[in-house]
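Novice: What follows is a predicted structure for the sequence shown.
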Amino acid sequence: MNEFQGKRIVLGVTGGVAAYKAAELARLLIKAGAEVDVVLTTAGAQFVGVATFQALTGRRVWQALWDERMDNGMAHIDLTRGAAALLVAPATADFLAKLAHGLADDLLSTLCLARNCPLLVAPAMNRQMWENPATQRNVAQLRADGVSILGPAHGEQACGETGAGRMLEASELFDDLYASMQAKPLAGKRVLLTAGPTFEALDPVRGLTNSSSGKMGFSLARACVEAGAEVTLIAGPVALPTPRGVRRVDVQSALQMREAVMQALPGQSVFIGVAAVADYRPRQAAAHKIKKGPDSLALELEANPDILAEVAARPDAPFCVGFAAESRDLAAYAEGKRVAKKLGLVVGNLVQDGLGGDTNAVTLFDAAGAHVLPPADKSEVARGIVAHIASLMEKRHGQH
Ligand code: C5P
């Protein structure tokens, strides 16, 4: 993935135990194509050494206001010129206090004051330091000044206490930083999605399911958050982490999924049915484990409701998007589905190209025709789909 290709990030590291996570973050950013300039405070250097960041970023680390590498002696100004963002992670209580008051007595605080790029901070401190009214006042001031506050998380702390103040994990900071840099065509919109397989119980330990991994739906949920939407994800049984900023409801069966969708539906602007919902469920789930018996066993199945068709048929239906995973004749089936279910958009793919894997090749079918997206990683494909949904909604808005 090349999420940060061509972007330069200035990563400020102040003196907290969480500085070790900043090393991992630097690695993730470099892997995603970024150039990373690390600015280490004197206290930060007590926790992670210059050599570590230098090796990870392939660049010299910045520490002093008077660094001789800048011919004009203006490192405190020039480092953020042309940078995509300045992220301070970890940001200690002391550093937040300095920022809130505009103090500038070392390279990092001076850079923050003289920056011309977005500033994000990831607080990291003991829970009492975080809850202290002085810190809360400083954070409120920073928010009012347009600084993005990432986290902190709630959990176990290095001091042995538990509470709010832990720095976010490197991968979470990576996602938040990426999201902060994206256009927000879905700002103010609410998006509801289904994802993953369903599990239709046969008895207390067995059931009917399918090989949907949930990756496409989860990637789409994340792409919707990046695009500024408020996102609810109804997930069948999958072992995937919840994307940052997504409200997740876990369900098992198609009936439970339908119930959860109907409950979350009011006020949604978009509904995306990505789940591979079982078309049929056992007419009756046995109360006890079915025992081995005769040579053959017949199962009686009954049809599940079509959640997407039901949502799209409502008079107050949001903009509805469906998926068509086919093993052949993709265009005919996908376009047929779009018309039959009255959908604004159908995302079609051949199962051999997508189901269960990390990449996907899809074609988008809307009222204007078919649009092929280049085959890519599922997160990249998801971003392409979301951009298309946003443009269709924009058009629809223009017509009303
Ligand atoms: O008709 P087909 O099952 O192929 O349609 C697939 C689309 O409909 C997907 O978007 C899927 O999430 C949705 N669907 C649904 N409820 C069902 C079956 C499919 O929401 N019972």
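Specialist: Structure received.
Novice: And the residue of the stretch 1-150 of the chain found nearest the ligand, how close does it get to A19?
Specialist: The stretch 1-150 of the chain approaches the ligand most closely through M1 (25.6 Å), counting by C-beta to the nearest ligand atom. In this view, the C-beta of every residue, glycine as well, is placed from N, C-alpha and C. From M1 across to A19, the span is 25 Å (C-beta to C-beta, to the nearest Å).
Novice: okay, these two: which has more neighbours?
Specialist: Set M1 next to A19 and count neighbours by other C-beta atoms under 10 Å: A19 wins out with 26 against 13.
Novice: neighbours of the residue lying closest to the more buried one once chain neighbours are set aside, just the number please.
Specialist: Spatial nearest neighbour of A19, excluding adjacent residues (C-beta to C-beta, 6 or more residues apart in numbering): F47 at 3.8 Å. F47: 19 surrounding residues under other C-beta under 10 Å.
Novice: One more: the one 10 residues further on?
Specialist: Each residue near T57 was counted by other C-beta under 10 Å, and the total is 21.
Novice: ok, it touching V39?
Specialist: No - in this structure, T57 is not within contact of V39 by C-beta atoms under 8 Å, at 11.3 Å.
Novice: how close does L220 get to the ligand?
Specialist: In this view, L220 and the ligand are 11 Å apart by C-beta to the nearest ligand atom, to the nearest Å.
Novice: Then that residue would be within a helix, right?
Specialist: Yes - L220 sits within a helix when classified using DSSP: H, G, I helix; E, B strand; the rest coil.
Novice: Correct me if wrong: it contacts V386.
Specialist: Yes - using C-beta under 8 Å, L220 is in contact with V386, at 6.8 Å.
Novice: Flag every residue of this protein that's near the ligand.
Specialist: With the criterion set to C-beta under 6 Å from any ligand atom, the chain comes near the ligand through 194, 254, 273-275, 277, 304, 306-308, 322-324, 337.
Novice: again, only using 5 Å
Specialist: When proximity is defined as C-beta under 5 Å from any ligand atom, the chain approaches the ligand at G273, A275, V277, N304, D306, I307, L308, G322, F323.
Novice: Quick one: the helices in the stretch 51-200 of the chain, in order.
Specialist: Taking DSSP state H, counting those that start in this stretch as the test, the helices found in the stretch 51-200 of the chain are 75-78, 93-101, 107-113, 127-131, 133-144, 170-180.
Novice: so who does the residue lying closest to K342 once chain neighbours are set aside touch?
Specialist: Among residues not flanking K342 along the chain, A312 sits closest, at 4.8 Å (C-beta to C-beta, 6+ apart). Residues in contact with A312 (C-beta atoms under 8 Å, 6 or more residues apart in numbering) are F271, C320, K341, K342, L343.
Novice: Return the distance of L192 relative to the ligand.
Specialist: On the measure of C-beta to the nearest ligand atom, L192 and the ligand end up 11 Å apart.
Novice: what does F174 give?
Specialist: Taken as C-beta to the nearest ligand atom, the span from F174 to the ligand is 29 Å.
Novice: Just give me the neighbour total for that residue.
Specialist: Neighbours of F174 (other C-beta under 10 Å): 23.
Novice: correct me, but it touches K31?
Specialist: No - using C-beta under 8 Å, F174 makes no contact with K31, being 9.5 Å away.
Novice: domains of the chain?
Specialist: 8-180, 190-399 (automatic domain parsing).
Novice: export the ones you listed to JSON lines and tack on mean pLDDT?
Specialist: Shown next, in JSON lines, are the domains of the chain (pLDDT from 0 to 100):
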{"stretch": "domain 8-180", "mean pLDDT": "94"}
{"stretch": "domain 190-399", "mean pLDDT": "94"}
